[in-house]
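Student: predicted structure and sequence below. I'll ask about it afterward.
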Amino acid sequence: MLSDVRRRTQGQQHNIKNINNMTIRRSQIANNVSAAKCEMKPDIKTVLLIGGTYVLSGVLQPILMALAENAGIADPTCQLYMFPYYFGPFLLSFTLCFPSKNPKNATTASPSFRTCFKAVIIAIFDLASQSMNYSGAAMAGPTLFAIIYSSVTVWTAVLSLIILKRQMICIQWLGVVTVFGGLVITGLDSVALGPKVFHGSCLVLFGSAMHALTYVLSESIMTSNKDGPALSIVLNCSIQTFVAMILNLTWQLTYTRKHFNELILVPMQERNTTPLMAFYILGAIGLANLVHASTFFYTLKHFPGGSTSAGVGKGLQAVLVFVATSALICGRFGGPEMCFSIVKLISLVTVGGGVIIFARGTEQVHKTEVSRKPQNIMHGSVNTKYDSIPNRDDVGAVV
């Protein structure tokens, strides 16, 4: 009699446990469905418009640096142009004040002090790399800058191979070799254009590699972080742009203020640049980088083709800079570095083609990984694959 009561009690407990498990699974499925609704695909016209805005804002950045150099406000020691460059993307950090409507983006735990401190160190490193890039752009001209800077995607992959132990397939290696071949052609051409252009090209080359390293280091603190919860994309960008902006502002107050007359005002007077004109150029640099940063992640997430489209966008951006510089700047100011040449065209096609080849290989790897990890909604998981943090350049910026 007692044994029958125990059996009935154990059976009831087992049934209750099964009901609880079913309830948990249903709630997980409901959460996945609600998250999927929050991530409805936007209209293709909107995607194309924002993608085009992203490319055009990237085209404007080196051209605006050429205008700043011509206006006499691009002294490489003052770094005056870097303050609006970082101030623009910093405005995006105010989105942290508003709660996310997407359950996937809701944070449950704050990152540790150690993780935030790592982001600060990366910000200092990124400030140095971007200062090299845009000082080099002012010296070498927009065309050479666009050609060399488009290699950031490949630099990121090579550094990921070394630091994060990621493997690459043959087509990706072909893209890497092609890009570096194009960079050799670009370097030889810059030597022929004079020491200033060559030094500027070297700055952009080293700055691009350093900037790519910041992507890899940022990825390490935004994904599998040993020091606690990982940083979100918005929080990481906010910390890095804020730190870079404060450091640059400190430099302006301690160095540029003392040398403002001889390094900024005198060159402006020699080139008939009014304060209002200088303000417009610096403001345009900040606005262009704000637009570039705000449209980058949206474009990468929603634009058809994924990594391949990102590579094509990089190549298209370099081509448009090449065409715009030759049509609008060549013969008006600057030297031969602003004008069309066959060698530049060959290096442009080589580097751009290598980036597209590499991006195509990356897309193949992505599809292969997805096919190996089928979705299983009955167990409450929509997608367990981790997509590596994409190249931001492009971001500017931390983007």
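Tutor: Looks like it arrived, so ask away.
Student: low-confidence ranges in the chain?
Tutor: Where the chain drops to pLDDT under 70, the residues are 1-41, 95-109, 224-228, 297, 299-312, 314, 370, 373-399.
Student: just the strands from it, written as ranges.
Tutor: Remark: strands of the chain are absent; assignment by DSSP state E.
Student: helices of the stretch 151-300 of the chain, start to end?
Tutor: Taking DSSP state H, counting those that start in this stretch as the criterion, the stretch 151-300 of the chain contains helices spanning 152-163, 170-192, 195-222, 233-251, 257-260, 266-270, 275-302.
Student: quick one, which of those helices is nearest to Ala66?
Tutor: Across the helices of the stretch 151-300 of the chain, Ala66 has its closest neighbour in helix 275-302 (10.2 Å, Cβ to Cβ). Every residue, glycine included, has its C-beta placed from N, CA and C.
Student: centre of the chain to that closest one, how far?
Tutor: 13 Å (Cα atoms, centre = their mean, to the nearest Å).
Student: which elements pack onto it?
Tutor: helix 44-71, helix 82-90, helix 307-324 (3 or more Cβ pairs under 8 Å, 6 or more residues apart in numbering; DSSP states H and E).
Student: repeat the analysis, applying 7 Å as the threshold.
Tutor: Contacts defined by 3 or more Cβ pairs under 7 Å, 6 or more residues apart in numbering; DSSP states H and E place helix 275-302 against helix 44-71, helix 82-90.
Student: now what about the shortest one, what contacts it?
Tutor: Contacts of helix 82-90 with the rest of the structure, by Cβ atoms under 7 Å, 6 or more residues apart in numbering, involve 130-131, 134, 237, 241-242, 244-245, 248-249, 252, 282-283, 285-287, 289-290, 293, 397-399.
Student: wait, what's in contact with Leu159?
Tutor: Leu159 touches 212-213, 216, counting by Cβ under 7 Å, 6+ apart.
Student: what of Leu213?
Tutor: Leu159.
Student: gap between it and Gln130?
Tutor: 12 Å (Cβ to Cβ, to the nearest Å).
Student: who touches Val365 in this structure?
Tutor: So Val365 contacts Ile169 (Cβ under 7 Å, 6+ apart).
Student: against Ala157, how distant is it?
Tutor: 10 Å.
Student: got the helices and strands packed on helix 275-302 as CSV, with distance to Asn261 columns?
Tutor: Below are the helices and strands packed on helix 275-302 laid out as CSV (distance: least, Cβ to Cβ, whole Å):
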stretch, distance to Asn261
helix 44-71, 16
helix 82-90, 18
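Student: follow-up on the earlier one: of the contacts of helix 82-90, just the buried ones, PyMOL syntax please.
Tutor: Applying 16 or more other Cβ atoms under 10 Å to those, the buried members can be selected in PyMOL as follows:
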select buried, resi 130+131+134+237+241+242+244+245+248+252+282+285+286+289+290+293+397+398+399
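Student: all good on my end, thank you.
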